[in-house]
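>>> Below are the sequence and a predicted model for it; my questions follow.
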Amino acid sequence: MKEFIKNKTVTYNLMSFTGFKALILFSLLSEAPRSYEEIKSYFLNHPYLKEKISLDTLRVYLTSMKRVGCVVKRERINGVSKYSIVSNPFSLEVTEEQIKTLVKLYKIVVKSIDIRELYSIEHFIMKLRKSIKNPETLDYFNKYSLLRGVDLDLLQNLISAVDKNEQIMLEYNSPTSGIKDVELITKKFEIKNDKIYLRGITLEYKPSGAFLLNRILKIKTVKIVPEKIDLKPMVVGVEYYGDLKGLNLQDGMKIISQEDGKALLELTSTNEFLLRQCILEMVDNARIVYPESYKKQFVQNLKEIESGYSDD
């Protein structure tokens, strides 16, 4: 350790290269079947090893792995002999009780998590899936995963687009109009009511739109430099009755005044749909006070909804 601290260099004096080579080989054969030539090339080009491994030495390592409980398989793939580790005694086994505890933690964490952290958790769970023997236990977690049915490669590309505020063309499966193209300037992800939305400025109608992640099929095109679009935000005043501690203040929402068990909230958004959804979430404890035109439109929308459930 003193030598490493002084020189910042790994040498034969600092490690057991026999053990290190065994770990390297174990990792290689656990990932995928490898031919002797592939193993030899990897050892030769490794930054610390830089040496060949003979076929006899490879057999010695494979025999040692079998003795400690590894199941080593040799098969011909496309005419080439390849080795792989089918199973090993070091595999983690996740019990049903453990996965239930994990789900409880997951439910708590996702309430205030960033999409990038959620992406990392999903990759961690993917690794755990290999250790879950009971399919019913695996289904139990999948039922609560916010990313079930989401292509993680597509999600990674969408995260990159949001980070750069790129203008992209999406193929989107709309619940009302079916599969269509949507062009938008990406802004951010939003996790709401256990659903993930991609937020951005749509170019056709120029409102700020929200699109369900699990309905995005693919990215068709990307423009590095987005078009400039000026949006006029809507401002709505809402009188709120109730305990403000239980109110989830979202983006674009602020408290203007507060007295005698009520508060005046101001909601600002360029997306009328999301604005309406936000008001509906607290409709039992709130009423719109301005602007008058928006209040009338909101009441009209409620009447239309009510008429859809009437016997007539």
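Everything's here; your move.

>>> and the gap between the residue most central in space within the chain and Ile216?
Residue closest to the average C-alpha location in the chain (C-alpha atoms, centre = their mean): Tyr119, at 2.9 Å. Separation of Tyr119 from Ile216 (C-beta to C-beta, to the nearest Å) stands at 15 Å. Placement of C-beta: from N, CA and C, glycine included.

>>> Quick one: mean pLDDT for the lengthiest strand in the chain?
Determined from DSSP state E, the single longest strand within the chain is strand 178-192. Strand 178-192 shows a mean pLDDT of 86.

>>> mind starting the numbering at 42 from now?
That works, and once the first residue is 42, the last one we named lands at strand 219-233.

>>> which strands and helices sit next to that strand?
Applying 3 or more C-beta pairs under 8 Å, 6 or more residues apart in numbering; DSSP states H and E, we find strand 219-233 packed against helix 156-170, helix 193-205, strand 208-215, strand 236-243, strand 249-253.

>>> where does Phe131 fall, helix, sheet strand or coil?
coil (DSSP: H, G, I helix; E, B strand; the rest coil).

>>> Neighbours of it, how many?
Using other C-beta atoms under 10 Å, Phe131 is surrounded by 10 other residues.

>>> Would you mind splitting this protein into its domains for me?
For the chain, the structural domains run 43-128, 137-183, 193-264, 275-348, going by automatic domain parsing.

>>> chain center to the shortest one: distance?
It refers to domain 137-183. Counting by C-alpha atoms, centre = their mean, to the nearest Å, domain 137-183 is centred 12 Å from the centre of its parent chain.

>>> Regarding it, how distant is the last residue from the first?
13 Å (C-alpha to C-alpha, to the nearest Å).

>>> any idea of the mean pLDDT for it?
Mean predicted confidence for domain 137-183 is 77.

>>> Quick check: end-to-end length of stretch 140-160?
18 Å.

>>> got the buried residues for it?
Buried residues in stretch 140-160, counted by 16 or more other C-beta atoms under 10 Å: Ile140, Leu143, Tyr147, Val151, Ile154, Ile156, Leu159, Tyr160.
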